[in-house]
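> can you look at this prediction? I've put the sequence above it.
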Amino acid sequence: MPALALYTPEASPELTQLLDLGGYVWKRIVTVNDVVDLEPQESWAGAIIQLGEDPERGWTIVRSLRGKDIPIEPVILLTRENQLHQLQLNDELFDDFCLDPFHPHELKARLTHLFTSELDSNTSNLIEYGPLLINLETYEAVVEGQPLDLTYMEYELLRFLAVAPGRVFTREILLNQVWGYEYYGGARTVDVHVRRLRAKLGEENANLIQTVRSVGYKFGKSRWQ
Amino acid sequence: MERPQDYVLRRVEERGIRIVRLWFTDVQGQLKSFAISPAELEPAFEEGMVFDGSSIDGFSRIREEDMLARPDPTTFELMRWGNNDENAARMFCDIQRADGTPFHGDSRHVLRRVMEQAQVAGFTFFAAPEMEYFLFEENRAGSPIPLDKGSYFDLTTADIASDIRRHTLSSLEAMGISVEYSFHEDAPSQHEIDLRYTDALMMADNVMTFRLIVREIALEHGVHATFMPKPLAGEQGSGMHTHLSLFRDGKNAFHDPNSPDGLSETAKHFVAGLLHHAREITAITNQLVNSYKRLITGYEAPVNVSWARSNRAALIRVPTPRTGSRGDSTRIEYRAPDPACNPYLAFAVILAAGMKGIEMGYELPLEAPPSMTGYTEHGGLIDQDQLPQSLSEALDEMEKSELVRETLGEHLFRWFLRNKRIEWAEYNTQVTPFELDRYYSSL
């Protein structure tokens, strides 16, 4: 499992001990830049953010985690009682919170709950979008519970698109990123594979991959739209 | 293990694949296949599968020579059609010599090489064939009995052929082969399925898969599908008209918005090259004795070496591009090939001929007049070559061709000529019903 991002402006040995005992791998981040600089290769497994004395710094870090191409989930906040009103405005930025100072049992229970339901899917490398499920480890793609039988390039293209819902890619970028070399099919090859992919997704789900006129393609919608 | 290979191994495991079929194509365009178990897959990727090349037409003669079949993991596809419930998957193979160098008798390699040469010039080559074939009653005599007397665009619900067609179309889609149109052709029991363009290598693979699927599904319904170019005298034959386009930097290189007819200079040179070399490549695009029974006047098959926008008897048709398509659909249609060809070699010589036209800047001859239906009517009007009238003539033309020799490579070129000369010689030993009818009683 990749590391959790841990931001605790106040010393909290109790928290790190709780994480260590629970078998969680974590990495401390101090500034907003650390979100990118210290990120594990497989990306963060989630984050625990203590708002503390200066909550705005904590929120900045949370926004940065959630604003990534693949938003980091889950995010759990440690908030003081007098900060609770801030939560309402930022509902989409976190998955759960815990009152600070926290009760170790409560935090542990919340962590377990979040990380077995959501993180499991993260650590086993699942991409889920609407009816589509991709297991990055086993290369399995499933739509509405039915396995998709994709060729390697179809799979790679779908995976690449599905990792960043709503983002528009030009054919050239897709060709470079997915095929990774000057494939003799050229950019037109991308069209051929999108067509094949749509056919295999079936009529009802073919529109998961949308053509963006005179630009390229995008997959689904961004969660921020 | 490289990622595409790892992908295949995982899929085999996850989907419970029990048989992996390794496919390749002999020089005549016959699909060859051998099956391996999933356990053999990893060594097959790493070292290739050894087989005796002398057992395959056009591979190696006289002495035995070990060859390697190297499965191309990007072609891995589950075989999902008809009663194929054995949980099988297939991959196309590239053929190598024991020392790992590409084998010159491998037609897939020939096409790949020509496409790579075009790529150096900045072009990528796309093809979309219209596949025609007949469905006949299964019978031991081996003579064709049509299932129906339908004609173009006929739709009858009670038609068994429409069941077969529906079944065929869904199987093709499941194999990632996209279909543009499908309809009943002019002749009784004749069908046409137009495939949507892909790059030519993928399309040649698709044509191989297509022929197998069509035949197997017909068989499941108790009928016989044939890609023989001219199974019925007096009816239209089966062609494989192929739509061609070149792309450069993601744009259609055949399109020029500033040209009055929308055609670029590149397109004109390509067409000119194809016309210039048409007679030389006909033995490849039309490789059977029977192919030349189709290339006759009066059946919408090309006879003259000509091009036109609207004349359907022309060898090359330049369809009007769809409006509002920004020229992406600009293409030319080469109408000589028949579906019994080796698609790898056919696409290779077509591309080589067109590229030669671009390279040498060949001038496009005058367009054939719209009313011309055959050379006899307007033969005097335009001074035009005809396509070869027989396999023998086509082979003579091919033998003189530097272009075909270069494209196929010496090994394949020699083998093909020798093999086809034998086919012609055997045909010449036959006394045909025509001769008996015509001469027996009166002479």
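Perfect, thanks for sending it.

> what's the closest non-adjacent residue to A:A45?
Spatial nearest neighbour of A:A45, excluding adjacent residues (C-beta to C-beta, 6 or more residues apart in numbering or on different chains): A:P2 at 4.5 Å. C-beta coordinates here come from the backbone N, C-alpha and C atoms, glycine included.

> the one you found and A:E42, how far apart?
4 Å (C-beta to C-beta, to the nearest Å).

> likewise for B:L408?
Computed with C-beta to C-beta, the distance linking B:L408 and A:E42 is 49 Å.

> swap in B:N311?
Applying C-beta to C-beta, one obtains 62 Å for the distance of B:N311 from A:E42.

> so those two - more neighbours on which side?
Each of B:N311 and A:E42 had its neighbours counted (other C-beta atoms under 10 Å in any protein chain shown), and the higher figure belongs to B:N311 (19 against 13).

> my guess is the more buried one meets B:P319, correct?
No - assessed by C-beta atoms under 8 Å, B:N311 is found out of contact with B:P319, at 11.8 Å.

> quick one: the helices in chain A?
Secondary structure of chain A, counting by DSSP state H: helices at A:13-21, A:34-37, A:55-66, A:84-89, A:104-114, A:120-123, A:152-162, A:171-174, A:188-201.

> buried residues in stretch B:134-142, which are they?
With burial defined by 16 or more other C-beta atoms under 10 Å in any protein chain shown, the residues of stretch B:134-142 counted as buried are B:134-136.

> in strands, which of those residues fall?
When DSSP state E defines the strands, the subset of the buried residues of stretch B:134-142 inside them is B:134-136.

> okay, now A:G130: neighbour count?
If you count neighbours by other C-beta under 10 Å, A:G130 ends up with 12.

> equivalent analysis for A:L126, please.
With other C-beta under 10 Å as criterion, A:L126 counts 14.

> which strand residues bridge it?
Each beta-bridge partner of A:L126 is listed here: A:N135, as defined by DSSP bridges.

> would you mind measuring from it to chain B?
When C-beta to the nearest C-beta, to the nearest Å is applied, the distance between A:L126 and chain B equals 15 Å.

> related to what we said a few turns ago, near chain A, which of the ones in strands among the buried residues of stretch B:134-142 show up?
On the criterion C-beta under 8 Å from any C-beta of the partner chain, none of the entries of these sits beside chain A.

> tell me the one among these nearest to B:H277.
Ranked by distance to B:H277 (C-beta to C-beta), those are led by B:F134 at 30.1 Å.

> okay, that closest one: pLDDT?
At B:F134, the predicted lDDT confidence score is 92.

> residue contacts, it?
Neighbouring residues of B:F134 by C-beta atoms under 8 Å, 6 or more residues apart in numbering or on different chains: B:144, B:146, B:187, B:189-191, B:225-226, B:228, B:231-232, B:238.

> do B:G16 as well
By C-beta under 8 Å, 6+ apart, the contact set of B:G16 is B:N87.

> show me where pLDDT drops low in the chain?
Using chain A here. The model of chain A has pLDDT under 70 over residues A:1, A:117-124, A:181-185, A:222-225.

> looking at chain B here, not the other one
Within chain B, the set of residues satisfying pLDDT under 70 comprises B:1, B:57-64, B:82-85, B:140-141, B:148-159, B:185-186, B:321-326, B:370-384.

> from B:L395, how far off is the one residue sitting closest to the centre of it?
Here the mean C-alpha position of chain B is nearest to the C-alpha of B:P343 (C-alpha atoms, centre = their mean), at a distance of 3.3 Å. Here B:P343 is placed at a distance of 20 Å from B:L395 (C-beta to C-beta).

> before we move on, what about A:A206?
A:A206 sits 47 Å away from B:L395 when distances are taken as C-beta to C-beta.

> comparing those two, which residue is more hemmed in?
With other C-beta under 10 Å as the criterion, A:A206 and B:L395 differ in neighbour count, and B:L395 comes out ahead with 21 against 15.

> for the helix or strand harbouring the more buried one, give me every contacting residue.
In this structure, B:L395 is located in helix B:391-399 according to DSSP states H and E. Contacts to helix B:391-399, defined as C-beta under 8 Å, 6+ apart, come from residues B:279-284, B:286-289, B:291-292, B:388, B:404, B:416-417, B:420-421, B:423-424, B:427.

> with just CA atoms, put it into CSV.
As requested, C-alpha coordinates have been extracted for helix B:391-399 and formatted as CSV (Å, rounded to 0.1, in the frame of the first residue of the first chain):
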residue,chain,number,x,y,z
LEU,B,391,-3.6,-15.4,-64.9
SER,B,392,-1.0,-16.2,-67.4
GLU,B,393,-0.9,-12.7,-68.8
ALA,B,394,-0.9,-11.3,-65.3
LEU,B,395,2.1,-13.4,-64.4
ASP,B,396,4.0,-12.2,-67.5
GLU,B,397,3.3,-8.6,-66.5
MET,B,398,4.4,-9.3,-62.9
GLU,B,399,7.6,-11.0,-64.0
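
> just give me how far that helix sits from the chain centre.
For helix B:391-399, the gap between its own C-alpha mean and the chain's C-alpha mean amounts to 19 Å (C-alpha atoms, centre = their mean, to the nearest Å).

> give the next helix or strand downstream of that helix.
Next along the chain after helix B:391-399, taking DSSP H and E as the criterion, comes helix B:402-408.

> quick check: next helix or strand after the strand or helix carrying B:L246?
Using DSSP H and E, B:L246 sits within strand B:242-248. Tracing the chain C-terminally past strand B:242-248 and defining elements by DSSP H and E, one meets strand B:251-252 next.

> name every strand pairing with that next one and say which way it goes.
As assigned by DSSP bridges, strand B:251-252 forms pairs with strand B:242-248 (antiparallel).

> kindly report the residues of chain A close to chain B.
Proximity of chain A to chain B (C-beta under 8 Å from any C-beta) is limited to residues A:138-140, A:147, A:149, A:151-155, A:171-172, A:182, A:184-189, A:192, A:195-196, A:199-200.

> which of those are buried?
Going by neighbour count (16+ other C-beta under 10 Å), the residues of chain A next to chain B have A:139-140, A:149, A:151-155, A:171, A:184-189, A:192, A:195-196, A:199-200 buried.

> return the distance of stretch A:94-101 from the chain's centre.
When C-alpha coordinates are averaged (C-alpha atoms, centre = their mean), stretch A:94-101 and its chain have centres 20 Å apart.

> how does chain B divide up, domain by domain?
Taking automatic domain parsing as the reference, chain B has its domains at B:9-99, B:113-414.

> to A:N90, which of the ones you listed lies closest?
domain B:9-99 (40.2 Å).

> end-to-end on the closest one?
25 Å (C-alpha to C-alpha, to the nearest Å).

> please apply the same query to stretch B:175-182.
Rule used - C-alpha to C-alpha; the end-to-end distance of stretch B:175-182 is 17 Å.
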